[in-house]
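J.: model the structure of this input:
(2 chains)
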Amino acid sequence: MIPELGHFALILALFMVLVQGTLPLIGAARGSLPWIALARPAARAQFLLVATAFGCLTWAFVANDFSVVYVAQHSNSRLPLIYRIAGVWGGHEGSLLLWMLMLSGWTLAVSALSRHLPDTMAARVLGVLGLVAVGFLLFILFTSNPFERLLPAAEDGRDLNPLLQDPGLVFHPPMLYMGYVGFSVAFAFAIAALLSGQLDAAWARWSRPWTTAAWIFLTLGIALGSWWAYYELGWGGWWFWDPVENASFLPWLVGTALVHSLAVTEKRGSFKNWTVLLAIAAFSLSLLGTFLVRSGVLSSVHAFATDPRRGIFILILLAIVIGGSLLLFALRAPKVGLGGSFALISRESLLLMNNVLLVVAAGSVLLGTLYPLFIDALGLGKLSVGPPYFNSVFAPLMVPALFLMALGPFARWKHASLADMAKRLRSAFVAALVVAIAVPLAFGQWTPLIALGLLLATWIIAGSVVNVIERVRATGGGLLAQPRSWYGMHLAHLGIAVFVIGVTMVKGYESEKDVRMEPDDTVSVGGYTFRFVGVREAMGPNYRAMVGELELSKDGKVLRTMNPEKRQYLSSAMPMTEAAIDTGLLRDVYVSLGEPIDERAWSVRVYHKPFVDWIWGGCLLMALGGLVAMSDRRYRLKKAASARVVTQGAAA
Amino acid sequence: MTRFLVPLGIFIVLVAFLAIGLNLNPREVPSPLVGKPAPAFELPQLHKPDEKFAPREMQGKVWLLNVWASWCASCRQEHPLLVDLSESKIVPIYGLNYKDQREDALRWLKQLGDPYVMSISDAEGRTGIDYGVYGVPETYVIDKAGVIRYKQIGPVTREALDGKILPLVKELQK
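T.: Take a look at the predicted model:
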């Protein structure tokens, strides 16, 4: 009964978003107040209905209702409760429902937090979000219904993919989807602005916090996925340039460009068309990511069972949403005026270079991801593009971007002096140079790449420090008096620097050993010694495990015992490796259990990974920077004040 | 206005490619290793873990390297074909036992028949990574010079065997 209730709620939600996606938009065009006023209640009702549907599916999982096909395919009575809940998004249908729930959630947030917006603007934004929801609800109801029954019911479920039975993967998809879907808000703002012709600084200010919020979630989602791959796949890698990873990285790159270009539009009124185009592109790439993952057009390690009907449906959806908005852009953009002019050396031009570099980087990743498909479609053969391409294209693009990053905060709007900036940044550059020369020598191996990485990272950190000192001195208000958005920027830049340090150090100094170990054998890596104690058998809730015991010591002092596992899940007989990791600020020590070689001996792999956690620490800092920037006071202006800005904007 | 149509134009081209792509099978993508020397490895033999096997021992012979595992359902599907092929003695088949437990693997061969001249244990899947394995089973045709000439992704089927693998093997054996 409850699954039917969920199905019914979803159908009602479709009717609700049909209302939300049409009447308020027409109302805004005609100036009909009652129709405009429909937007907010419709948004709320939509959320309630979709949340009900999601709740019903969750209930079916929690109650082990194996008469629902989707539950029977992705759960099992022995599965622990937390993974039964996470199982809701363990497959295609549920993932889409989660996508839809996120979209409804963002819509609800917009309807609740848009009191300061003119009603017509809010109606347009909610209307556009409603239209996107129409597409996704149709997709779910017609091709991917999670509530389909299985008669007679299965006795037990097939179990959740063991790869997904992990705390990291419980949170990774929701975070990632929050990011993907969050860009729909920036997109809706951009379309609403195009529809109304009101592309101005006020529009940029409204969409900035929303864009930043989506960017935060996407950053965290990607970081979680990378961290999961690191500890779960058992061989210590953290990024693979897999098509599905790229699909999440593309909106991040374009979203980062958008965050910066919105700053120019808000502060200087320039880059308006470009900003709109980026907002459309960020969401389009999120949709494209969904298409690539869900259609099976590209082969990837994230192999999902696919159905060609779904592929065609998403492609049509993609064509309508993106094609329609790009057409609207082509019609409206010529009428948008240019903003303030700026000199060759100015903050605007630095941000423009940042945008160009990020977009070119995104373009090259997109090309690498789709290249096999292009070549295949043209009948020129079949090939695959691997990490060598991405590394050799991506890194050179990021070097100038990282170099300019420290410069940006020092440049004035409109016109800046290079000589002046060079003078102010001299000490930062000297600091970077010293670190780049000295630190690799202290670590015992100096290579140009390590030095370059450290140079850029220190350059960014030192640049931020100089900028903070200068500004606090100049304004005289102390550290706390500075605007939060400015601190947010520095925190996020610091995050990038920390990330660069992590990548540089791990690539430069990691060491690993693959050895055969018998009890009491020892192996050393990076100054740490492992003593193999033995392997015992253990039972988990739904798996059998061989648990290894190794004693970690340094300089003769025993630090701790590490327990890597080798699990065999009962329902799928798929072996899984659970690495044991000793995490530290400056290094990880990582051990994973291989296979038994004979009665006593096992193959064991040990790694020493200096600074690896800085990679994810950097991402956390970036997200934190976003959060601080979002909390800036100027986004919480009263309705009256922002209405005045709007009229000014309209007059200008 | 034309320059504002550029994004739309690019997108239409992209959609066209995606539409064609939907009708193609990405699983047919051969490994970038086709035409390249088979990556070297030295791994313990499944039956005699104390002895190792390395592909260079196969210099001068055409052979098949079949990646399999006892936990892989599609391997059962192709298995009778491999047993048939091994009885015909046309070409030696070597098995790369991928991410498997030794006992499970041995039991599996006992139950279903052993078509392999020898199986090699790649318990950790490292060699699998070198070979670009992205799904078990996969089968490689390796020529006398040790160069990979063909890669079958997924189970070997009758059509693939008669249409591609055996003709290629015969030609390479000349």
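J.: show me what contacts the residue in chain B positioned nearest to chain A?
T.: Using Cβ to the nearest Cβ, the single residue of chain B nearest to chain A is B:Ala123, 3.0 Å away. Heads up, the C-betas are built off the backbone N, CA and C, glycines and all. Going by Cβ atoms under 8 Å, 6 or more residues apart in numbering or on different chains, B:Ala123 touches A:594-595, A:603, B:97, B:99-100, B:102.
J.: okay, and which of the residues you listed map to helices?
T.: B:Arg102 (DSSP state H).
J.: filter the contacts of B:Ala123 down to the buried ones, ChimeraX style.
T.: Here is the ChimeraX command that picks out the buried ones among the contacts of B:Ala123, judged by 16 or more other Cβ atoms under 10 Å in any protein chain shown:
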select /A:594,595,603 /B:97,99,100,102
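J.: from the contacts of B:Ala123, pick the one nearest A:Leu137.
T.: A:Leu137 has its nearest neighbour among the contacts of B:Ala123 in B:Lys99, at 40.6 Å by Cβ to Cβ.
J.: my read: that closest one touches A:Met576, true?
T.: No - assessed by Cβ atoms under 8 Å, B:Lys99 is found out of contact with A:Met576, at 9.9 Å.
J.: with adjacent residues omitted, what lies nearest to residue 142?
T.: Let's take chain A. Spatial nearest neighbour of A:Phe142, excluding adjacent residues (Cβ to Cβ, 6 or more residues apart in numbering or on different chains): A:Phe313 at 7.2 Å.
J.: that's the other chain; I wanted chain B
T.: Nearest non-adjacent residue to B:Ile142, counting by Cβ to Cβ, 6+ apart: B:Ala38, 5.1 Å away.
J.: looking at the contacts of B:Ala123, which gets the smallest pLDDT?
T.: Minimum pLDDT for the contacts of B:Ala123 is recorded at A:Glu595 (77).
J.: how far away is that one from B:Gln101?
T.: Distance, A:Glu595 to B:Gln101, by Cβ to Cβ, to the nearest Å: 7 Å.
J.: try A:His92
T.: For A:His92, the distance to B:Gln101 (Cβ to Cβ) stands at 31 Å.
J.: what does A:Asn354 give?
T.: Counting by Cβ to Cβ, the gap from A:Asn354 to B:Gln101 is 52 Å.
J.: which residues in chain A form strands?
T.: For chain A, the strands defined by DSSP state E cover A:511-517, A:522-525, A:528-539, A:543-554, A:557-562, A:565-569, A:575-578, A:580-583, A:587-596, A:602-610.
J.: scratch that, chain B
T.: Using DSSP E, strands in chain B cover B:43-44, B:52-53, B:63-68, B:93-98, B:118-122, B:138-142, B:148-153.
J.: worst average pLDDT in these?
T.: strand B:148-153 (a mean of 85).
J.: how much does that strand deviate in direction from strand B:138-142?
T.: Strand B:148-153 and strand B:138-142 meet at an angle of 170 degrees, taking axes from the mean of the first three to the mean of the last three Cα atoms, to 10 degrees as the criterion.
J.: other SSEs contacting strand B:148-153?
T.: Packing contacts for strand B:148-153, counted by 3 or more Cβ pairs under 8 Å, 6 or more residues apart in numbering or on different chains; DSSP states H and E, involve strand B:138-142, helix B:166-173.
J.: let me have those in JSON lines, adding mean neighbour count as columns.
T.: Below are those laid out as JSON lines (neighbours: other Cβ atoms under 10 Å in any protein chain shown):
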{"stretch": "strand B:138-142", "mean neighbour count": "23"}
{"stretch": "helix B:166-173", "mean neighbour count": "15"}
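J.: in CSV: those, plus distance to B:Pro155.
T.: Formatted as CSV, these follow (distance: least, Cβ to Cβ, whole Å):
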stretch, distance to B:Pro155
strand B:138-142, 9
helix B:166-173, 16
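J.: can you pull out the helices in the stretch 1-150 of chain A?
T.: Ranges of helices within the stretch 1-150 of chain A are A:2-30, A:33-36, A:39-62, A:69-74, A:81-86, A:92-112, A:119-143, based on DSSP state H, counting those that start in this stretch.
J.: out of the ones you listed, deepest packed?
T.: Highest mean neighbour count of the helices of the stretch 1-150 of chain A: helix A:69-74, a mean of 25 (counted as mean count of other Cβ atoms under 10 Å in any protein chain shown).
J.: can that helix be said to contact chain B?
T.: No - using Cβ under 8 Å from any Cβ of the partner chain, helix A:69-74 stays clear of chain B, with a minimum separation of 15.3 Å.
J.: what ranges does chain B have for its helices?
T.: B:6-22, B:73-88, B:102-112, B:126-130, B:158-160, B:166-173.
J.: who does the first one touch, helix- and strand-wise?
T.: Same thing as helix B:6-22. Helix B:6-22 sits against helix A:272-295, helix A:308-318, helix A:324-332, helix A:347-377, with contacts defined as 3+ Cβ pairs under 8 Å, 6+ apart.
J.: tell me the most buried of those?
T.: helix A:272-295 (a mean of 25).
J.: could I get that helix in CSV with only the CA atoms?
T.: The C-alpha trace of helix A:272-295 is given here as CSV (Å, rounded to 0.1, in the frame of the first residue of the first chain):
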residue,chain,number,x,y,z
LYS,A,272,26.8,40.1,-18.1
ASN,A,273,26.3,37.9,-21.1
TRP,A,274,29.3,35.8,-20.2
THR,A,275,28.0,35.3,-16.7
VAL,A,276,24.6,34.2,-18.0
LEU,A,277,26.2,31.8,-20.4
LEU,A,278,28.3,30.3,-17.6
ALA,A,279,25.2,29.9,-15.4
ILE,A,280,23.6,28.0,-18.3
ALA,A,281,26.7,26.0,-18.9
ALA,A,282,27.2,25.0,-15.3
PHE,A,283,23.7,23.5,-15.1
SER,A,284,23.9,22.1,-18.6
LEU,A,285,27.1,20.2,-17.6
SER,A,286,25.3,18.9,-14.5
LEU,A,287,22.6,17.6,-16.8
LEU,A,288,25.2,16.2,-19.2
GLY,A,289,26.9,14.5,-16.3
THR,A,290,23.6,12.8,-15.4
PHE,A,291,23.1,11.8,-19.1
LEU,A,292,26.6,10.3,-19.3
VAL,A,293,26.2,8.4,-16.1
ARG,A,294,22.7,7.2,-16.7
SER,A,295,22.7,6.5,-20.5
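J.: what sits against B:Lys164?
T.: The contact partners of B:Lys164, by Cβ under 8 Å, 6+ apart, come to B:150, B:152.
J.: now swap in A:Ser111 and tell me
T.: Shown in contact with A:Ser111 (Cβ under 8 Å, 6+ apart): A:39-40, A:43-44, A:122, A:126.
J.: the same query, at a cut-off of 7 Å, please.
T.: Residues in contact with A:Ser111 (Cβ atoms under 7 Å, 6 or more residues apart in numbering or on different chains) are A:40, A:43-44, A:126.
J.: how about A:Phe187?
T.: A:Phe187 neighbours (Cβ under 7 Å, 6+ apart): A:279-280, A:283.
J.: nearest to chain B among these?
T.: The closest of the contacts of A:Phe187 to chain B turns out to be A:Ile280 (Cβ to the nearest Cβ; 7.8 Å).
J.: so how far is B:Thr2 from that closest one?
T.: Per Cβ to Cβ, A:Ile280 is found 18 Å from B:Thr2.
J.: give the residue spans of the stretch 301-450 of chain A that score low on pLDDT.
T.: A:301-308, A:381-384 (pLDDT under 70).
J.: show me what contacts the nearest residue to A:Glu4 once chain neighbours are set aside?
T.: Distances taken as Cβ to Cβ, 6+ apart put A:Phe147 closest to A:Glu4, at 7.0 Å, once the chain neighbours are dropped. Applying Cβ under 7 Å, 6+ apart, we find A:Phe147 in contact with A:3, A:6-7, A:68.
J.: thank you kindly, that will do.
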